[in-house]
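Trainee: based on what follows, work out the 3D shape:
(2 chains)
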Amino acid sequence: MFWRVLRQMLLEGRGRLAVALIALVSGATVSAALLNLEFDAERKFTRELRTLGPNVLVRSAAPVGTAEEAGAVFAPDALEAALAAAGQRAPASGGAEVTAWAPYLYAIVRAGSDTTLVLAGTWLDAVPRLTPWWRVEGSWVADRQNPAVCLVGHQAAARLLVRPGSTLEIHYGSRSASLEVAGVISTGGAEDDQVFVNLAVAQQLAGLPGKISVAQLSVSGTPEEVQAFAPRFGAQLAGLEVRPLRQIAQAEGQLLARVHSLLFWSVGLILVLTALCVLSTTAALAVERRTDVGLMKALGGEMTRIVRLFLAEAGLLGAAGGIIGSVLGTLLSAWVGRRVFGTAVSLRPEVIPLILAVMVAVALVGALPLRLLSHVRPAVVLRGE
Amino acid sequence: MFFRILRESFIRNPARKWLEGASLALGMAIATAALTTALDVSDRMAREFRRLGANLVVTPKSDTLPLEIGGVDYRPVEQGAYLRQDDLGKLRTIFWRLNIVGFSPFLEAPAELDRGPNRFPTRMVGTWAAHAVAEPDGGVFTTGVLSTHPWWKVDGAWFSEGPSAAPESKRTDAALPEIQVVIGASLASRAGIHRGDAFVVHSSGHDVRLLATGILSTGGAEDEAIVAPLGFVQQLTGHPGEYRRMLVSALTTPEDQFGKRDPDTLSPTEYDRWFCTPYISSIAFQIKQALPGAEVRVVRQVAETEGRVLGRLSTLLWLVSIAALLASALVIGSASATTVLERRREIGLMKALGAGRRRIVSIFVAEQFLVALCGGLLGFAAGEGLGYLVGRIVFGTPATGRMVLLPVVLALALAVTLAGSLWPLGRVARLDAAPVLRGE
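Mentor: Numbers count the residues shown, from 1 in each chain, chains lettered A, B, ... in the order given. Here you go, the predicted structure:
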């Protein structure tokens, strides 16, 4: 009997139920999409901020003096070993992870006829990945072994009167090298005044084979993880200092906290309001059912039974809305993710049961005003008053 | 008659109207709060990005290249050109002056810290902590590393640029009051200097007594240096009123395709538009015009990340707002559809009593109109309140209320309720009175 009545109710009231379903589905869609985005957005923004470049420096623990060559140089063997070990461990341990790094050796050299400038030796092929904001006119260097090419900062290039394709002479003491300018770079930083060559060239020119002045690391992870990474990593490197760049690390932390709290609050707010909105719609539906309640009562239905019937209807409606809504919401968040971040957001399966539960709960709570109809007198209602 | 029916409808079944109004108000509150947040977010996040420090560097056009390694310029003090400090007030006269959050000029000199038997080579960095700059129009702008380098932490106090830092301290006898400085954390721990200690430094041929009012930790090259008032370092190095490098922190709009174009290729109208948009390139251009002999460079590392993150965040919020808006529109539309559908009986009765279709529709439309107006107003007020709250919680300062949104929200409320009720209304009004009244 119960089920027959329920089936009849669902079949007969198709138009009305369809309208209620629209409300539930749209509420569920937005909730599911927002929850999906909220879980993933912080990780996405962390990755965006990694374009700020290296956030950890490794250098000799000896103090930097005012000597011409910046600081003491060191052999990077221990560092390379530690990085290789960390690379193998990283996938399991989670947390901070070195995503890219490059060694640098600096020397003050003479270039061209008589210009003093800073020569930086590094892996030229690693530059575009480690410091993505550099712009180049000409081309990047794809080979870290190539001893005959260099990149020139645009201020230095203007002084030296060189362009991509020109040849540049570099002198250090009695040694000298003749290099082809592959590209002119512009960064807005000190690099604009410098000349970049492959590490081996700088080491040979400066007479410091196998030595570097500093290593720059790009470490991914939350700011706390990066802060914790520095001393842990430094413990494996005797005589070296591992220093997070506070300017980057701290700003990154604060920006992420802001983005997180912004998303959390706006998403939370929209979720609560959407739930309330759906709730008041289902409540309005329930209030409109007075006639049905009156008729059932007139036919001798008990109030508990009638309420059960309507609750079953509301529950089914909520479940249907929740399922359709979470599927649509997942699609919506995938689209938004691609639109905003260029890559799809990872989907969270736990969102679906959550949305389902919320929607059923909202639909049931929305049906509660029916209880208020227990005082309804069938005769009055049926007369249409 | 029309108004009596309307009034009766509101009085006789208040629960129905309340519920419809409530869902409408909630939906419009979502729309208002989401739009308020989305409209404001770029400006506010741009301000947050200033924690990354300066996005513009001002250097003199010089005949030698800076020899900067790890934040330290290894050029001798005698070499290279300098800029005049007197011109700095002009920074507050450019078109986008209010977007200049702060600036700090720097002048450096090598120094040697004298601690009994040990001598520590180091650098003196002259700058402002919080310095009052006179503007040409008579105002005063307080700026310095406190606004451009928010990540610098001082254990103790910043130096004060009191009269003790005045030029007459060129004589170096011990009776003179000590110059207040802050000392870098690594240098302080190596040299055993604590907060409040006095010490002697040899620099540029003078011996000066300094007093460490605080220990500075920056995570950068300044941890190894002594940071002193700019005026004092100028006097010490014999470059009164001059500086060698300045960092400027400015609020900017992310560069779009237009902002990236070379200003020389723009037509006059386009040039005006470029000049009057706070792109970082146009602010750099205006600073260059204000400071003779200066070269202004954009710190691309900061500017590009900022542009990208801001762009993504505001797109995200816009999409979220639009999704929330659509959802609440659908929910409200379906609520009004329900109310109309459930009132078939009433409509049948009206028809039986001789009311025409237009009459019925106009009564219902008027009802929905009233509900939409009240719900929309209520929702707007609630949404503004919520936007205010989110602003307070997230950014510490409330979002600015936008009255522009009021007509938008009201129009939306009307459109949604009417769209939701017109379709079922049309269907119901077409039915014959008799079967409806019989309840079929």
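Trainee: near chain A, which residues of the stretch 151-300 of chain B?
Mentor: Listed as neighbours of chain A in the stretch 151-300 of chain B under the rule C-beta under 8 Å from any C-beta of the partner chain: B:151, B:186-187, B:190, B:217-221, B:224, B:297-300. Any C-beta I mention is one placed from the backbone N, CA and C, and that applies to glycine too.
Trainee: let me know the closest of those residues to A:A379.
Mentor: Taking C-beta to C-beta as the measure, A:A379 lies nearest B:W151 of these, at 77.0 Å.
Trainee: tell me which two of the residues of the stretch 151-300 of chain B next to chain A sit farthest apart.
Mentor: Across these, no pair lies farther apart than B:R190 and B:V298, at 36.2 Å, counting by C-beta to C-beta.
Trainee: which of the two has more neighbours?
Mentor: Comparing B:R190 with B:V298 by other C-beta atoms under 10 Å in any protein chain shown, the one with more neighbours is B:V298, at 22 against 16.
Trainee: burial count for the nearest residue in space to the more buried one that is not next to it in sequence?
Mentor: With sequence-adjacent residues excluded and distances taken as C-beta to C-beta, 6 or more residues apart in numbering or on different chains, B:V298 is closest to A:G188, at 4.6 Å. Number of residues near A:G188 (other C-beta under 10 Å) recorded here: 24.
Trainee: swap in A:G15?
Mentor: Counted with other C-beta under 10 Å, the neighbours of A:G15 add up to 12.
Trainee: need the next SSE after the strand or helix carrying B:G231, C-terminal direction.
Mentor: With the criterion set as DSSP states H and E, the secondary-structure element containing B:G231 is helix B:230-237. From helix B:230-237 onward toward the C-terminus, using DSSP H and E, the following helix or strand is strand B:242-243.
Trainee: so which residue of chain B comes closest to chain A?
Mentor: Relative to chain A, the nearest point of chain B is B:G219 (2.8 Å; C-beta to the nearest C-beta).
Trainee: and the residue lying closest to that residue once chain neighbours are set aside, what does it touch?
Mentor: Of all residues beyond its chain neighbours, the one nearest B:G219 is A:R246 (2.8 Å), with distances taken as C-beta to C-beta, 6+ apart. For A:R246, the contact set (C-beta atoms under 8 Å, 6 or more residues apart in numbering or on different chains) comprises B:W151, B:S217, B:T218, B:G219, B:G220.
Trainee: I'd like those residues as TSV, with neighbour count appended.
Mentor: Supplementary listing: these in TSV, determined by neighbours: other C-beta atoms under 10 Å in any protein chain shown:
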residue	neighbour count
B:W151	19
B:S217	19
B:T218	22
B:G219	19
B:G220	20
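Trainee: these in strands, which ones?
Mentor: For the contacts of A:R246, membership in strands holds for B:S217, with DSSP state E as the criterion.
Trainee: which one of the contacts of A:R246 is nearest to A:R135?
Mentor: In terms of C-beta to C-beta, no member of the contacts of A:R246 lies closer to A:R135 than B:G220, at 24.2 Å.
Trainee: the residue nearest to that closest one when sequence neighbours are not counted: neighbouring residues, count only.
Mentor: Closest residue to B:G220 in three dimensions, ignoring its sequence neighbours and counting by C-beta to C-beta, 6+ apart: B:G71, at 5.5 Å. For B:G71, the tally of surrounding residues (other C-beta under 10 Å) stands at 16.
Trainee: doesn't B:T218 make contact with B:G71?
Mentor: No: because the distance of 9.4 Å does not satisfy C-beta atoms under 8 Å, B:G71 is recorded as not touching B:T218.
Trainee: tell me which element B:R273 is part of?
Mentor: In the assignment (DSSP H and E), B:R273 maps to helix B:268-275.
Trainee: this completes my enquiry, with thanks.
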